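1. what's the 3D shape of this:
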Amino acid sequence: QVRLVESGGGLVQAGGSLRLSCAASGRSLSGYAMSWFRQAPGKEREFLAAISGIGGGPYYADSVKGRFTISRDNAKAMLSLQMNTLKPEDTAVYYCKAQAAGPTYWGQGTQVTVSS
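-> Numbers count the residues shown, from 1 in each chain. Predicted coordinates for the structure are as follows:
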């Protein structure tokens, strides 16, 4: 069982930056592909970025490429998302996901609100 807890969300003005963290407990993350998603009100959950457990990637959605950077620290069981040049359309609940050959785990999400 893996428990994921996101943090670092908040309110920021357009053009600003935030850094999200996803802390894992219960198991090492080294064998998991890790990714970030977001979901805005009334919209489907959207893939943002991913990084595999064996060094593959990172991979980004076109909507965030060049602005967001995903990173992981397996020793600290931590996943991060550095978000720069934020836009009002980035407003959403942000989730991290851990996936291996077996179960998939999601965090509870952290709210990011970007004001214009």
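2. For the closest residue to G16 other than its chain neighbours, what are phi and psi?
-> Among residues not flanking G16 along the chain, L86 sits closest, at 5.4 Å (CB to CB, 6 or more residues apart in numbering). Where C-beta positions appear, they are placed from N, C-alpha and C, glycine not excepted. Main-chain torsions, L86, degrees, to the nearest 10: phi -70, psi 150.
3. N74 too?
-> Dihedral pair for N74: phi -60, psi -30, per degrees, to the nearest 10.
4. L29 versus that one, what's the distance?
-> Distance of N74 to L29, computed by CB to CB, to the nearest Å: 6 Å.
5. wait, what's in contact with the nearest residue to T69 once chain neighbours are set aside?
-> Once flanking residues are discounted, T69 sits nearest to Q82: 4.4 Å by CB to CB, 6+ apart. Q82 sits next to S17, R19, F68, T69, S71 when contact means CB atoms under 8 Å, 6 or more residues apart in numbering.
6. quick one: Q82 is in a strand?
-> Yes: Q82: assigned to a strand according to DSSP: H, G, I helix; E, B strand; the rest coil.
7. hey, what's it bridged with?
-> Beta-bridge partners for Q82, by DSSP bridges, are R19, T69.
8. per-residue confidence for it?
-> Per-residue confidence (pLDDT) for Q82: 98.
9. Tell me how far it lies from A100.
-> As judged by CB to CB, Q82 and A100 stand 25 Å apart.
10. How about A75?
-> Here the criterion is CB to CB. By it, A75 lies 18 Å from A100.
11. quick one, which of the two is more surrounded?
-> Between A75 and A100, counted using other CB atoms under 10 Å, A100 has the larger neighbour count: 14 against 9.
12. Near the nearest residue to that one once chain neighbours are set aside, how many residues? Count them for me, please.
-> Ranked by CB to CB, 6+ apart and with sequence neighbours excluded, the top spatial neighbour of A100 is Y32, at 4.9 Å. When counting by other CB under 10 Å, one arrives at 25 neighbours for Y32.
13. Okay then, goodbye and thanks.
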